[in-house]
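In: This is a predicted model, with the sequence first.
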Amino acid sequence: MKIFTKIALTLAVATIATSAFAGGPMTNSNQSAHFLRSIARGTSLSTDAVYTNPAGVVFMDNGFHLGINDQMAAQTRKTTSSLTMGPQLPGGFSETEFEGSVFSPVIPSVHFAWKHNRWAVMAGMGVNGGGGTIKYDNGLASFERIVSSFPAIIANQTAGTVVPTAYSRNLTLEGSSMTLAFNVGAAFRITDWLSAAAMVRVGVTNNSYKAGLNNLNFNIGGQMLPASAVLAGTPYAALAEQSLDVKQKGTSISPVVALAFHKGAWDASVKYEFKMATELENTTTKDINLGDGGMFPDGAKIKAETPALLAAAVSRHFGPVKVTAQWHHYFDKDAENSFSPVIEGNTNEYMLGVEWQISEKWLVSAGTQRTQLNMNESKYSDMNFSISSWSIAAGLKYQVCDLVGINLGIMPTIYDSVESTGVHAFMGQNLGQFKDVYKRTSMAWGIGLDLKFGK
């Protein structure tokens, strides 16, 4: 029984999914403080245009432009679970919360552009995926269901002569994930109002997972006995003590192409980011090994692809007020990664942002975003779930002088609640019914500097 296959997959999926602070299941679309204050940035002519509107950079002022940003984010993933065992079967548990938490104090991004007349060159760096460390201090519901089944299995194997009435265990899970994307490209203004851009993006991914199981005990006749003694002579004796320590690395290269329109009160853009075909290689120090070669064989490779993205935006200026509508389409079905087993269709995002230039110094802004996933919720588990959501942004920009601007933004995300029920199957037996309710919380905030110099 490959119990730790489940735990390892949980780490991989939960880490990546939890750290994706905005965007599709595998992609961070928030690359600056500008995003946190207005969300819809597809027609930006500020420093974040290097990421959000690369073809639009040629409509900025001549000279050098530099944007430096840091975002911070706090998230939780919570599963409230229960397991009702079948008639006269021991084990199971009532509604119990299993929570993982993430706090990322540094999510950096840097954008640089040099524009001269009809040409611009640009470069940028940001966290394209991951960006945090998740910790589960009390294990996971999927693991608890397996452990809580052992009283029934032991009772069946001993014909009812040994019936555990309780169990205890220590389980620690921790995973971190970071994909840095480096972009280099150029843009050219074809006409006074139309431009095109092309970029090359290099993605560098580093993940690490650690897990430990110890002090697994069962209450037999009023006495807590170690699992190694209770399970001696069975295929499960190896469960008593296990540990995992693995690192993963991988790179990818993919292009980005874009068009921008800028005329009068109207702006528009379209951008296509090709799939990042990342493949990760394991460097394993400790592995879960139940005699089958381990869960993360040293040197083995796995797919962790980031799907292609099509983005389109249009803006209209009403005097000092700019209104932007934007759409993102993630081609999730064409990417192979940890979410592939539950993906049914592609993800769509719908964004609306408003900026109001209330004076030469002050700009205020707000925005909203709906992320609509297309997944098979009946296949969800605490190992593999992502939830559709609403995000709300608010913030401001203060223009210190012609050369320096400061952006501040905050963005809470409200997730839908998802419920999953099913039959708990273990050792070829249907032992009971389970119910899981999945919830997430997220809050991100950030600060950024816009710098302009030279001509």
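Out: Here it is on my side, so go on.

In: What are the boundaries of the helices in the stretch 151-300 of the chain?
Out: In the stretch 151-300 of the chain, the helices defined using DSSP state H, counting those that start in this stretch lie at 227-230.

In: Report the buried residues of stretch 353-373.
Out: For stretch 353-373, the neighbour count (16 or more other C-beta atoms under 10 Å) marks 353-357, 363, 365-369, 371, 373 as buried. Bear in mind the C-beta positions are built from the backbone N, C-alpha and C, glycine included.

In: ok, residues contacting that stretch?
Out: Residues outside stretch 353-373 that contact it (C-beta atoms under 8 Å, 6 or more residues apart in numbering): 22-25, 37-41, 320-324, 326, 347-352, 386-399, 409.

In: Return the residues in contact with residue 71.
Out: 21, 30, 32-33, 36, 104, 107-109, 444-446.

In: Turn those into TSV, including pLDDT, neighbour count and secondary structure.
Out: Below are the contacts of residue 71 laid out as TSV (pLDDT from 0 to 100; neighbours: other C-beta atoms under 10 Å; DSSP: H, G, I helix; E, B strand; the rest coil):
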residue	pLDDT	neighbour count	secondary structure
21	56	29	coil
30	87	30	coil
32	94	31	coil
33	96	29	helix
36	96	30	helix
104	86	21	strand
107	90	23	strand
108	92	15	strand
109	95	29	strand
444	93	24	strand
445	95	18	strand
446	95	25	strand
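
In: which stretches of the stretch 201-350 of the chain form strands?
Out: Secondary structure of the stretch 201-350 of the chain, counting by DSSP state E, counting those that start in this stretch: strands at 223-226, 242-263, 266-273, 279-286, 301-303, 309-318, 321-330, 347-357.

In: helices and strands around the shortest one, which ones?
Out: On a contact count with 3 or more C-beta pairs under 8 Å, 6 or more residues apart in numbering; DSSP states H and E, strand 301-303 meets strand 279-286.

In: got the angle for the strand it packs on vs strand 242-263?
Out: 150 degrees (axes from the mean of the first three to the mean of the last three C-alpha atoms, to 10 degrees).

In: and strand 279-286, what's its mean pLDDT?
Out: Mean pLDDT, computed over strand 279-286, is 92.

In: just for the stretch 251-400 of the chain, where's the confidence low?
Out: Residue ranges of the stretch 251-400 of the chain with pLDDT under 70: 289-293, 381-385.

In: Quick check: which ranges of the stretch 1-150 of the chain have low pLDDT?
Out: 1-23.

In: repeat that with 80
Out: 1-26, 130-132, 137-140, 142-143, 146 (pLDDT under 80).

In: Would you map the strands across it?
Out: Counting by DSSP E, counting those that start in this stretch, the stretch 1-150 of the chain has strands at residues 63-85, 93-116, 119-136.

In: just checking, what packs against the second one?
Out: Using 3+ C-beta pairs under 8 Å, 6+ apart as the contact criterion, the neighbours of strand 93-116 among helices and strands are helix 3-19, helix 49-52, strand 63-85, strand 119-136, helix 141-147.

In: try 6 Å
Out: Helices and strands touching strand 93-116, as assessed by 3 or more C-beta pairs under 6 Å, 6 or more residues apart in numbering; DSSP states H and E, comprise strand 63-85, strand 119-136.

In: buried stuff in it?
Out: Across strand 93-116, burial judged by 16+ other C-beta under 10 Å covers 93, 98-102, 104, 107, 109-115.

In: same check, this time on the first one
Out: Residues of strand 63-85 classed as buried by neighbour count (16+ other C-beta under 10 Å): 65-83, 85.

In: before we move on, what about the last one?
Out: The neighbour-count criterion (16+ other C-beta under 10 Å) identifies 120, 122, 124-134, 136 as the buried residues of strand 119-136.

In: Distance of the residue in the chain sticking out farthest from the centre relative to residue 308?
Out: Most distant from the centre of the chain: residue 161, at 47.7 Å, with distances by C-alpha atoms, centre = their mean. As judged by C-beta to C-beta, to the nearest Å, residue 161 and residue 308 stand 59 Å apart.
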